[in-house]
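Engineer: Test case, fold it:
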Amino acid sequence: MAYPKTFLSRDNFRLAFTRVVRGANKDYKAYYRHLFPSYDLGLEDNLNDLLDDIRRGRYFARHGVVVHQPKRNGILRPLTLLSLQDVIVYQALMNYVAAQFEKDQLAYALKRSFGAVFSGRSSPFFYRSWKACYGEYNNALTRAYRAGNKYVADFDLVSFYELIDHNLLRKCLSKRVTSPEVLNLLFDCLNEWTLDRAGDHIGHGVPQGPEPSAFLAECYLLHFDQLKFKNIHYFRYVDDIKLLASDEVPLRRALMRLDLCSKDLGLVPQAQKIGCRKVTSLKDLLKNVPSALAAAAPGRLAKKTSQKQLLDMLRKSLRRNGKTLDICDNTSFKFALNRLGPRKDVLRRIALLLVHRPDCSWAMAQYLRKFPANEQAADILLRALQRDPTYDAAAANYINAMDVCEPESGYTKYRRVIQTANRRSEERSIQLRIASLTFRGRRASGLKAVGIVEREADPRVKSILIDRIFGDDPAAPFDVKPCLGLLEQATSDPDPDLARYAAAQILFCWPSSAKRWKPSGTVNRSVRLLLMSLGLRRRAPRKGGVLDAFFVDKMKIGIKVPWRRALGPDFRDAEQRCIRLQRLQLGDPSAWVLMLDTFNEVLLYAMARVHPSLKARFKLLSGKNHHPDIGAWLREPKLAAVVPARLQWWQEVHSTRVRADLAHAKAKKTGQRTRPVSFGTANRIRKRAQAAFAELLKEWMKVL
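Structural biologist: Residues are numbered from 1 along each chain as shown. Alright, predicted model coming up:
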């Protein structure tokens, strides 16, 4: 594939890894931070291997894991956790895209748009400091207000990241990104990362959490920035737009234009947050500035604030509504709470907020951690956890705080509530499992802690647990030695991130361990690559081909086939058809079924030539031709005897292709015009493909 050199280069991917490591998305990076050192140990070889996979069509994005963060209104914000390799590829793709859009963004950056401003082609950070950009946003609003613009309109979008249409986004990107290979790779990844719970592609949305998604959003929102308004001051911070004017009439007209533009882009305005108002003070204007990305407004960071001032700020950020205490200023509340020292009066005050303000759970949990082995703090957390933990993210934050606050005696009630937290969860996410298993593991013996980690099936959770209980986490109660057996077992895990991390932990123990580790023959390929990078292995591990990646990684069929020997001269042709099959999966179903049928033909014929029960009949039916007609071969009784359970699937693929409009204009028997294959038909075929392929490969391996 002819990728641009500026994209498919070691420099670009090295920069991508640097930007992933140094990104400002700390909450998201918490799931990866322990993986960075092991990847960095063999960085050059890892990147060369990844570049080779992309160049040869062997790279496929893996399905992400979604966790959620609660918003103030009770709605969940999804975060999509990708594999570390996928995060690096995503960043490398957006390095290239951002360079193409740099001039477009700079035309409006820090003038009309203030969020996710590209920092330049060589900066180790992908974006300029949000603090500086946020400060410019405040300054721009201040200047517009002081110029006499007292009327303000707010325009906000519902679930913006989730609703970005892939077709419209591709059309937008193609104005500057001229490489179809780069666009194909990007949208193949996006489609894999935005599957619904049933595993179907939904065709919209970008994964929240990774930094590159914010720049895709910026490219999409350029449509808004390019609108021209008369007598209006336009300011956008991510998807929150503020309009200032000296009169209400032009604001109404501007809101209508934004509404029409959003409908053209397939976006939904948030009616509850849209409206015009007249502000009487600068404070009234700035207090509603979006603060979701900010722990505090930049102006407040410029000067040192005393504890007395912080306490006053905290009190003013709270208000009573009858008997209920609530937060009226999130920014001030978080700013003050993060910097206040441990005070019992503050502890009693926030105790009333833990249950009904889960969106601020992290800030409150961090404050509670300032009370180690404290019964009062532990009881506050206990009461919150005894209530139904509606949000896994909030419950996980409180369990992490309980890990610090639990008193040294009389702790049974605290441990019991954490033991039952997962059972009471609605989301059943990995966030809550990580927190509760970490809590239990740190209080168990070394042997029992190993058992807790061993029973965990999710490789991402397992690596985090190892780090928190046995690894480099400052609160880890054990060193790595008690879990060396667990780590050796993990080096053979199919997940490359877990296997590489486990191998690195073993290698870090070598100077003090009793014996030198001898990797087994089943270790993950990522481990072999790491050993080669460190000079502990002479040659690079054998790389799997396109067909291995398709059948083993994507189809989840655990049968390793020696494809070069199995396919002989048809090997390269089969690889090319396999790549095109996957490329067509998200396009026209008729084209996809047509390619699937020809791919099946290559596989069926290659097996027939070597199978003792089939080769004589195959040669007879071929006559003077290279091979028999595929329709006739699929009706052959001898083939039915070899693949009896799933032969119907192969026949269905072929008959669907024959009836499609891309194959014939009219049906041979009836003369009726053919029709396109429907998405529903293609999905039914796709879902049954694994079992059919598995049966064929199993029989094929018997004769190879």
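
Engineer: now the strands for the chain?
Structural biologist: Secondary structure of the chain (DSSP state E): strands at 65-70, 76-81, 151-155, 233-237, 240-245, 275-278, 318-321, 324-327.

Engineer: Would you tell me which one of those is buried the most?
Structural biologist: Among the strands of the chain, judged by mean count of other CB atoms under 10 Å, the one packed with the most neighbours on average is strand 240-245 (a mean of 23). (C-beta placed from N, C-alpha, C; glycine too.)

Engineer: pull the helix or strand with minimum mean pLDDT from the chain.
Structural biologist: Comparing helices and strands within the chain by mean pLDDT, DSSP states H and E singles out helix 298-301 as the least confident, with a mean of 42.

Engineer: How about residue 54: what's its closest non-neighbour residue?
Structural biologist: In this structure, residue 54 finds its nearest non-sequential neighbour in residue 8, 6.4 Å apart by CB to CB, 6 or more residues apart in numbering.

Engineer: Would you mind measuring from that neighbour to residue 116?
Structural biologist: Using CB to CB, to the nearest Å, residue 8 is found at 25 Å from residue 116.

Engineer: Can you give me the buried ones in stretch 416-436?
Structural biologist: 417-418, 421-422, 425, 427, 429-436 (16 or more other CB atoms under 10 Å).

Engineer: roughly how far is that stretch from the heart of the chain?
Structural biologist: Here the centre of stretch 416-436 is set off from its chain's centre by 22 Å, with CA atoms, centre = their mean, to the nearest Å.

Engineer: So, low pLDDT: which residues of this protein?
Structural biologist: 1, 196-201, 287-304, 388-389, 510-515, 540, 586-587 (pLDDT under 70).

Engineer: Pull the contacting residues for the nearest residue to residue 652 once chain neighbours are set aside.
Structural biologist: In space, and not counting its chain neighbours, residue 652 is closest to residue 685: 6.7 Å by CB to CB, 6+ apart. Going by CB atoms under 8 Å, 6 or more residues apart in numbering, residue 685 touches 593, 596, 649, 652, 653, 656.

Engineer: Format these as JSON lines; extra columns: neighbour count and distance to residue 398.
Structural biologist: Listed next are these as JSON lines, based on neighbours: other CB atoms under 10 Å; distance: CB to CB, whole Å:
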{"residue": "593", "neighbour count": "27", "distance to residue 398": "51"}
{"residue": "596", "neighbour count": "22", "distance to residue 398": "50"}
{"residue": "649", "neighbour count": "20", "distance to residue 398": "50"}
{"residue": "652", "neighbour count": "17", "distance to residue 398": "52"}
{"residue": "653", "neighbour count": "22", "distance to residue 398": "52"}
{"residue": "656", "neighbour count": "22", "distance to residue 398": "53"}
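
Engineer: Look up how far residue 163 lies from residue 154.
Structural biologist: On the measure of CB to CB, residue 154 and residue 163 end up 19 Å apart.

Engineer: Actually, residue 446.
Structural biologist: In terms of CB to CB, residue 446 sits 49 Å off from residue 163.

Engineer: same check, this time on residue 329
Structural biologist: 29 Å.

Engineer: Just give me the neighbour total for residue 681.
Structural biologist: Residue 681: 17 surrounding residues under other CB atoms under 10 Å.
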